[in-house]
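Give me coordinates for this.
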Amino acid sequence: TGPGSCSATAVGAAVRSFVREAEPLSQHAGELSFRLPFASTASFGPLLRHLAAAQAQLGLQSFGVSLTSMEEVFLRLSQGESAAADSAP
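Next up is the predicted model:
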């Protein structure tokens, strides 16, 4: 996505119209990230086709899909444990 050219609301609505359980993760420097549940993989093809067809209308410069690595999973778990330990009485 380009800075200022993309409507995060419109993109989020488009993503959720195909994958209701899509979870917004971040919006930074013109890039939007969503977590899509693995159980919804059958919807990924139609979603990507829609994003390609509506790319200009949504203000997208590019889009893609990535699979979370095990390293990312462990890092998130350890960050969660650190946050829990910091908030423990």
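
residue ranges with poor pLDDT in the protein?
Residue ranges of the chain with pLDDT under 70: 1-5, 81-89.

For the residue nearest the centre of the chain, which residues are in contact?
What sits nearest the mean C-alpha location of the chain, by CA atoms, centre = their mean, is residue 34, with 1.2 Å. Contact partners of residue 34, counting by CB atoms under 8 Å, 6 or more residues apart in numbering, are 12, 15, 22-25. C-betas here are computed from N, CA, C, even on glycine.

Extract the C-alpha set from the helix or strand that contains it and format it as PDB.
Assessed by DSSP states H and E, residue 34 sits inside strand 31-35. Written as PDB, here are the backbone C-alpha positions of strand 31-35 (Å, rounded to 0.1, in the frame of the first residue of the first chain):
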ATOM      1  CA  GLU A  31       1.300  -1.300   5.100                       C
ATOM      2  CA  LEU A  32      -1.600  -3.200   6.500                       C
ATOM      3  CA  SER A  33      -1.300  -6.600   8.100                       C
ATOM      4  CA  PHE A  34      -4.100  -9.100   8.900                       C
ATOM      5  CA  ARG A  35      -4.100 -12.500  10.500                       C
END
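
On the C-terminal side of it, identify the next helix or strand.
Counting by DSSP H and E, the next helix or strand C-terminal to strand 31-35 is helix 44-53.
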